[in-house]
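Visitor: pasted the sequence and its predicted model underneath.
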Amino acid sequence: MITSLLLRLRMLQWRKRQRRLHKRRYWVHPVNFVRAKHGVYHSLYSQLCSYPQKFLDYFRMSVETFDKLLQLVGPAIRRLDTRFRSCLSARERLAVTLRYLATGESFSSLHYQFRLGKSTICCIVRETCQILWEKLQPLYLPHPTCDQWLSIAEKFKDVANFPNCIGAVDGKHIRIKKPAHSGSSFYNYKKYFSVILMAIADAQYQFVAVDIGAYGRTNDSKVFKESSMG
């Protein structure tokens, strides 16, 4: 009993020492503290709205599309202010996510642009992407019905003179950094690490169904067979 108590006290002392060693130097880093004055969202967003082509170049979508997206996902990504700090607006969270998706920039790069912490940006992107999928998938990529398959087949026949075809399927390797402890699972025949995006497209080049995330080393036939599409 005494030994157990001594061990517990020793553990508490060790934890206190670790907390002292890793004590934060800043509550908010000075670089991030001036976000409202120098951050990209606060200094550039409203100006871009006045120049639609510049807005399109920056976010890869029009101002109208951005506002439509915000209406769909805004309530789900909105956060509440706390006693300690004001929350980021839904519009700013969406702007950070779309800039990441449009460019593939690192979180470190976005950290300096938007004057937000890297861990904060990581959470924003992950949460917002999940909400975007949940809100947009039923509207723009719903599960095809039998009538839709038949309609697609008719379109292929009219456009390409290819009867009884319900879609064109292919896979695309998306380059990634090697995940830790993954061995050669993501190493593909093109000699780099990737995940596979497999999709079925109709005669108008629009996605009908997708499967995302298969190991890069997997061949297309196996990906298709093991996916919900197969």
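Guide: The structure has been received and is ready for your questions. Residues are numbered from 1 along each chain as shown.

Visitor: center of the chain - which residue?
Guide: Centroid check for the chain by CA atoms, centre = their mean gives residue 129 as the closest residue, at 4.2 Å.

Visitor: need the contact list for that residue.
Guide: Under the criterion of CB atoms under 8 Å, 6 or more residues apart in numbering, the neighbours of residue 129 are 97, 101. For glycine as for every other residue, the C-beta is placed from the backbone atoms N, C-alpha and C.

Visitor: what's the first helix or strand after the helix or strand hosting it?
Guide: Residue 129 is part of helix 118-140 when elements are defined by DSSP states H and E. Where DSSP H and E defines the elements, the next helix or strand beyond helix 118-140 is helix 146-160.

Visitor: list the buried ones in stretch 167-184?
Guide: Neighbour counts over stretch 167-184 (16 or more other CB atoms under 10 Å) mark 167-169, 171, 173 as buried.

Visitor: ok, those vs residue 98, which is closest?
Guide: Using CB to CB, residue 173 comes nearest to residue 98 of the buried residues of stretch 167-184, at 23.8 Å.

Visitor: can you pull the phi/psi pair for the closest one?
Guide: Phi and psi for residue 173, reported as degrees, to the nearest 10, are phi -80, psi 120.

Visitor: worst-scoring helix or strand of the protein, pLDDT-wise?
Guide: Taking mean pLDDT, DSSP states H and E as the measure, the chain has helix 30-33 as its least confident helix or strand, at a mean of 60.

Visitor: if we can go back for a sec, with pLDDT added, can I get the buried residues of stretch 167-184 in a markdown table?
Guide: Shown next, in a markdown table, are the buried residues of stretch 167-184 (pLDDT from 0 to 100):
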| residue | pLDDT |
| --- | --- |
| 167 | 92 |
| 168 | 93 |
| 169 | 93 |
| 171 | 90 |
| 173 | 93 |
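
Visitor: closest one to residue 180 out of the residues you listed, please.
Guide: Of all the buried residues of stretch 167-184, residue 173 has the smallest distance to residue 180: 20.1 Å, by CB to CB.

Visitor: nearest residue to residue 74 in space, please, no chain neighbours.
Guide: Distance criterion CB to CB, 6 or more residues apart in numbering; nearest residue to residue 74, sequence neighbours excluded, is residue 90 at 4.2 Å.
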